[in-house]
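# sequence unavailable; structure follows:
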């Protein structure tokens, strides 16, 4: 599991490797990494979902650091790229000497989380969606879906995601 401190340490290592290679890079953190590092919404994540550039240099650096640190092969991966329609709405999180670290915006993260809402036991998607709903101070499931539809097609939101949203707002309304 990768904690906020560990992720930041690894990103600093990537920065140092880019510096050695006399390259500048960019990385956009998405998924659990954003929930862990940027929002402090959870204590850790299994891996770092991200988009990065320059791709070839990053691939080499990711592999090198992974071997040196004994990390799983996919500890930092861009598999999330398969699910990203268009341009990522991002914000600068941190600028290092040779690496700019961005994160997906809260609105964009909500859309991604709703589109990815998994039924797997132990999946943090529901808690992440609830955190983002509260963070964005949304008033209804419709508000959340309207945001999601700005970034993903209607068909990308599963019946499960709709159920999760309805459950969250039902609980929030009962708590008032």
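Okay, I see it. Note that this is a predicted model, so its numbers are computed, not measured.
# how's the chain carved up into domains?
If the domains of the chain are taken from automatic domain parsing, they occupy 2-104, 107-175, with pieces of a single domain joined by a plus sign.
# please enumerate the helices of the protein.
Along the chain, counting by DSSP state H, helices occupy 4-20, 31-33, 55-69, 106-116, 125-135, 141-149, 159-175.
# and the fourth one, what's buried?
The reference is to helix 106-116. 106, 107, 108, 109, 110, 111, 112, 113, 114, 115, 116 (16 or more other C-beta atoms under 10 Å). (Glycine included, C-beta is placed from N, CA and C.)
# how about the third one: what's its closest non-neighbour residue?
The spatially closest residue to residue 108, leaving aside those adjacent along the chain, is residue 89, at 4.1 Å (C-beta to C-beta, 6 or more residues apart in numbering).
# isn't that neighbour up against residue 107?
Yes - distance between residue 89 and residue 107: 6.4 Å, which falls inside the contact criterion (C-beta atoms under 8 Å).
# circling back: would you turn the buried residues of helix 106-116 into CSV with pLDDT and distance to residue 141?
What follows is the buried residues of helix 106-116, written out as CSV (pLDDT from 0 to 100; distance: C-beta to C-beta, whole Å):
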residue, pLDDT, distance to residue 141
106, 97, 17
107, 97, 15
108, 95, 18
109, 96, 17
110, 96, 12
111, 94, 14
112, 92, 17
113, 93, 14
114, 94, 10
115, 91, 15
116, 88, 17
